[in-house]
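>>> Give me the fold of what follows.
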Amino acid sequence: MARATFRSFTKNLAITDLRWMPEDGFSPSRLRIELLSGLTVALALVPEAVAFAFVAGVHPLVGLYAAFLVGLITALIGGRPGMISGATGALAVVMVALVAQHGVEYLFATVVLMGILQMIAGVMQWGKFIRLVPHPVMLGFVNGLAIVIFLAQMSQFKVPGTMENTGHGMGGGEWLSGPPLYLMLALVAVTMAIIWVMPRITRVIPAPLAGIGIVAAVVIAFGLDVPRVGDLASIQGGFPSLHIPMVPLNWDTFEIILPYAVILAAIGLIESLLTLNLVGDMTNQRGGASQECIAQGVANTVTGFFGGMGGCAMIGQSMINVKSGGRTRVAGISAAVFLLLFILVGSSVIELIPLAALVGVMFMVVIGTFAWNSLTILRKVPLMDAFVILLVTVVTVMEDLAVAVVVGVIVSALAYAWNNARRIYAKTYTTPEGARVYQVQGPLFFGSSEGFAELFDVAGDPSEVIVDFADSRVVDQSALQAIEAVAGKYESVGKRLQLRHLSRDCHRLLTKAGHLMVDSDDDPEYELAVNYQVRTGILGGH
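Next up, the predicted model:
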């Protein structure tokens with residue numbers, strides 16, 4: 001079993017997109033686009049990584065190292081070229097309680113365990129279950145995340161230094177007002193205008209990079225007094241070094257870090273796999289879910305041993321990369337390398353970049369990410385789908401992505417079950433021999449089993465009753481129990497029940513005292529979704 005699973009995984013991995021080069025090869029113009037896209041992403045990563053480090057209550061370099069290592073490894077072996085990974089706010093808000101109570105060393109150990117759990121998920125191919133996320137949930141996820149990205153930029157409109165003083169990237173501090181606020185808003189607007197106009201003039205340089213460069217040049221040349229990257233914190237540092245988490249290797253430590261690791265692994269995979277689907281839709285790529293799980297796991301495990309806070313896919317930076325023209329792994333790798341160069345040798349230059357330029361870039365990401373068409377289709381789609389879109393959007397903003405997706409999937413599944421439960425009915429007629437035939441229509445499962453029982457007139461039916469499942473599907477154990485309950489009612493009044501067009505699995509399971517006649521030459525051959533214990537007699541052993 002294990003060998004078969006491993007062979008299946010390696011087969012899937014072999015066909016996943018690992019290409020370094022686009023289909024038309026690497027021309028000088030393509031290489032320039034990939035490298036400039038990577039540079040643009042790296043510039044946008046700096047304030048995000050610093051802010052999320054503050055949210056988690058750790059040093060800025062802990063967030064920057066995570067952005068470098070997670071970004072590099074997932075770019076090398078991830079499931080989708082064009083995706084960008086790094087330190088994220090969704091993970092940071094979970095980490096803050098752990099760091100506050102147990103310290104940063106326990107965070108590093110948690111990140112290592114988080115990575116191991118994600119690798120296990122990849123090997124077991126659990127990533128494929130992301131296909132169960134309905135489209136309304138995806139729309140709600142995209143809209144909610146766009147709002148979260150927008151709200152995250154609000155911290156940049158505070159008096160410089162307040163983020164570091166509070167220790168939380170989003171809290172505390174005085175808001176800008178008067179001329180400083182107007183100047184900040186003006187620079188943000190100019191950046192957005194450049195990004196909007198630039199593609200209409202030339203595509204030699206990615207529009208976001210042009211916006212950052214032009215606005216930064218104006219601010220530096222005229223000495224404008226506006227918040228800059230260096231006002232958040234110094235990003236200067238050395239190359240990340242191997243660091244074994246300094247925690248006791250005992251069961252108590254495992255009990256502390258396991259709950260956090262499970263939550264972080266789940267959130268990280270959900271956000272990464274949803275981003276993988278979103279980038280795939282934009283670049284016409286498919287597959288790679290299991291490989292992305294493994295890549296995220298390897299990245300986080302390595303990051304935990306090198307003093308990083310861990311991370312996952314970043315939808316904002318991924319959108320910047322894709323819309324800047326990044327289509328291969330070179331863009332993601334170059335983004336990570338540029339970020340490391342910023343830390344090692346370029347901090348003095350990067351710290352001069354005005355935050356307004358980076359905020360303008362992220363605002364354009366928000367505009368491009370938000371599914372504006374969802375506002376118009378809310379009146380056209382079924383009421384439940386519209387409710388799910390709004391629900392997931394609100395929960396994403398108020399809680400976090402993982403909770404929102406789980407809630408959305410559960411609500412969608414319950415709605416689907418309810419709709420199908422109301423679809424079961426039966427056509428009836430009497431044969432020349434006097435037998436009553438019930439032709440069951442619709443799926444028979446736990447939600448419709450009660451309605452199934454109400455279809456039959458046990459007292460008024462003749463002694464011979466036939467139930468035909470040709471237009472139905474027996475789905476689960478509850479359905480089998482419902483069939484046996486109906487059979488028991490007919491048996492109790494001395495009448496014979498015959499079942500037709502049931503699968504062979506149902507034949508084996510419907511063994512109640514031999515009173516059921518299951519006889520048909522053209523029975524379907526679908527597999528019934530019941531467990532081994534049911535097959536060994538729990539259902540029919542009374």
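>>> quick one: low-confidence ranges for this structure?
Within the chain, the segments meeting pLDDT under 70 span 1-26, 160-173, 503-542.
>>> longest helix in it, by residue count?
Determined from DSSP state H, the single longest helix within the chain is helix 251-283.
>>> Now that helix: buried residues?
Judged by neighbour count (16 or more other C-beta atoms under 10 Å), helix 251-283 contains these buried residues: 253, 256-257, 260-261, 263-280, 283. For every residue, glycine as well, the C-beta is placed using N, CA and C.
>>> what's the offset of that helix from the middle of its chain?
8 Å (C-alpha atoms, centre = their mean, to the nearest Å).
>>> And for stretch 369-380?
On C-alpha atoms, centre = their mean, the centre of stretch 369-380 falls 20 Å from the chain's centre.
>>> Can you show me the CA trace of that stretch as CSV?
Once non-C-alpha atoms are left out, stretch 369-380 reads as follows in CSV (Å, rounded to 0.1, in the frame of the first residue of the first chain):
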residue,chain,number,x,y,z
THR,A,369,-7.3,40.9,-7.2
PHE,A,370,-10.8,41.8,-6.1
ALA,A,371,-13.4,39.9,-8.2
TRP,A,372,-15.4,42.9,-9.2
ASN,A,373,-17.7,40.8,-11.4
SER,A,374,-18.9,39.1,-8.2
LEU,A,375,-20.7,42.3,-7.3
THR,A,376,-22.8,42.0,-10.5
ILE,A,377,-23.4,38.2,-10.4
LEU,A,378,-24.7,38.3,-6.8
ARG,A,379,-28.2,39.1,-8.2
LYS,A,380,-27.9,36.4,-10.8
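>>> In the protein, spot the strand with the most residues.
The residue-count maximum for a strand in the chain (DSSP state E) belongs to strand 464-474.
>>> could you pull out the strands for the stretch 51-200 of the chain?
Remark: strands assigned in the stretch 51-200 of the chain by DSSP state E, counting those that start in this stretch are 85-86.
>>> ranges for the strands of the stretch 351-500 of the chain?
425-430, 436-444, 464-474, 496-500.
>>> just to revisit the earlier point, helices or strands next to the longest strand of the chain in the packing?
Applying 3 or more C-beta pairs under 8 Å, 6 or more residues apart in numbering; DSSP states H and E, one finds that strand 464-474 contacts strand 436-444, helix 477-492, strand 496-500.
>>> now these as CSV including distance to residue 188?
Converted to CSV, these look like this (distance: least, C-beta to C-beta, whole Å):
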stretch, distance to residue 188
strand 436-444, 53
helix 477-492, 57
strand 496-500, 69
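>>> and those as a markdown table, adding distance to residue 111 and mean neighbour count?
What follows is the helices and strands packed on strand 464-474, written out as a markdown table (distance: least, C-beta to C-beta, whole Å; neighbours: other C-beta atoms under 10 Å):
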| stretch | distance to residue 111 | mean neighbour count |
| --- | --- | --- |
| strand 436-444 | 44 | 20 |
| helix 477-492 | 41 | 19 |
| strand 496-500 | 55 | 20 |
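>>> Of those, which is nearest residue 450?
Residue 450 sits nearest to helix 477-492 of all those, at 7.7 Å, using C-beta to C-beta.
>>> ok and the closest one relative to strand 436-444, angle-wise?
Going by axes from the mean of the first three to the mean of the last three C-alpha atoms, to 10 degrees, helix 477-492 is angled at 160 degrees with respect to strand 436-444.
>>> Run the chain-centre distance for helix 477-492.
41 Å.
>>> now do stretch 379-398
With C-alpha atoms, centre = their mean, you get 17 Å for stretch 379-398.
>>> Okay, buried residues for that stretch please.
Neighbour-count burial for stretch 379-398 [16+ other C-beta under 10 Å]: 381, 384-397.
>>> List the contacts of the closest residue to residue 128 other than its chain neighbours.
Spatial nearest neighbour of residue 128, chain neighbours left out: residue 289 (5.6 Å); criterion: C-beta to C-beta, 6 or more residues apart in numbering. By C-beta atoms under 8 Å, 6 or more residues apart in numbering, the residues touching residue 289 are 79, 125, 127, 128, 130, 273, 276.
>>> can you check residue 235 too?
Residue 235 neighbours (C-beta under 8 Å, 6+ apart): 46, 50, 60, 61, 64, 229, 342, 343, 347, 350, 351.
>>> do the same with residue 136
Residue 136 is in contact with 381, 385, 386, 388, 389, 392, 408, 412, counting by C-beta under 8 Å, 6+ apart.
>>> can you check residue 292 too?
Taking C-beta under 8 Å, 6+ apart, one finds 74, 78, 79, 80, 83, 122, 127, 272, 273, 276, 313 in contact with residue 292.
>>> Could you pull up phi and psi at the fourth one?
In this case it means residue 80. Note on residue 80: backbone dihedrals following degrees, to the nearest 10 are phi -150, psi 110.
>>> For it, give its distance to residue 280.
Going from residue 80 to residue 280 by C-beta to C-beta, to the nearest Å gives 6 Å.
>>> is it true that residue 45 touches residue 317?
Yes. If you go by C-beta atoms under 8 Å, residue 45 and residue 317 touch, sitting 6.2 Å apart.
>>> Next, show the common contact partners of those two.
In contact with both residue 45 and residue 317: 84, 86, 335, using C-beta under 8 Å, 6+ apart.
>>> mind putting these in JSON lines, distance to residue 99 and neighbour count included?
Listed next are these as JSON lines, based on distance: C-beta to C-beta, whole Å; neighbours: other C-beta atoms under 10 Å:
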{"residue": "84", "distance to residue 99": "25", "neighbour count": "33"}
{"residue": "86", "distance to residue 99": "18", "neighbour count": "33"}
{"residue": "335", "distance to residue 99": "26", "neighbour count": "33"}
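>>> Reformat those residues as a markdown table; add distance to residue 32.
Output for the shared contacts of residue 45 and residue 317, formatted as a markdown table (distance: C-beta to C-beta, whole Å):
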| residue | distance to residue 32 |
| --- | --- |
| 84 | 19 |
| 86 | 23 |
| 335 | 15 |
